[in-house]
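Undergrad: Sequence first, predicted model second:
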Amino acid sequence: MNTNNNIEVSRETIVLLGKEFEFASGVRATVASKLMQESAFEDSCALFEYVEEAIGSAYLFESYDDPLNTRGGELVLGQGCPFPSLDAYIALEQHYGDQWLALALADYAAHHGSLSLRSDPQGSAEALIERAKGRTAEARLSWLGNELGKVTQRLVGLSGQIHEARVA
């Protein structure tokens, strides 16, 4: 573990992150990690906004029991907004440093993950991150497609209004 800072992270924080990757997509954490490398985040509210802007609500709320979680699934990490996960990312980054995602996932794989992950913690962490990166690309395309659909609907509506105004 990198102990650049004397910030203690709990077992629950590492397990929360690990479950996101082992049993869900890991998209939220992957995007958060990239954003955190570009800018410093000290509170989860700002990180929430940036992650939502990058991937939309469906993946932001993944694994949380909230109507905005349209991805379903059985893994529930909490009720409502995903602030426990976002807070965990910030704590893990403060504890492990810039490589928090890989280091925390390796710790999860070694000590808390399934037996298949424990056999090669470092390799398992790398595989989980690579899988999440692929899903992140899919999430961004899906979100952009949804946004494009909304814009198209607005344009069709405006076109109809313009046509009606010309006829009248």
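TA: Now that the structure is in, tell me what you want to look at.

Undergrad: which residues in the chain form helices?
TA: Using DSSP state H, the helices of the chain run over 11-23, 27-38, 44-60, 83-96, 100-111, 115-118, 121-167.

Undergrad: Need the CA coordinates for the shortest one. CSV is fine.
TA: Extracted as CSV, the C-alpha positions of helix 115-118 are listed here (Å, rounded to 0.1, in the frame of the first residue of the first chain):
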residue,chain,number,x,y,z
LEU,A,115,-11.2,-17.1,-4.8
SER,A,116,-10.6,-16.7,-8.6
LEU,A,117,-9.5,-13.1,-7.9
ARG,A,118,-7.3,-14.0,-5.0
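
Undergrad: before we move on, the earlier item: out of the helices of the chain, which gets nearest to D66?
TA: Checking those against D66 by CB to CB gives helix 44-60 as the closest, at 9.0 Å. For every residue, glycine as well, the C-beta is placed using N, CA and C.

Undergrad: buried residues in the closest one?
TA: Of all the residues in helix 44-60, those buried under the rule 16 or more other CB atoms under 10 Å are 44, 47-48, 50-52, 54-60.

Undergrad: any chance of the helices of the chain in TSV, with distance to T70 and mean pLDDT too?
TA: Output for those, formatted as TSV (distance: least, CB to CB, whole Å; pLDDT from 0 to 100):
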stretch	distance to T70	mean pLDDT
helix 11-23	17	95
helix 27-38	13	96
helix 44-60	5	92
helix 83-96	17	96
helix 100-111	25	97
helix 115-118	28	93
helix 121-167	10	79
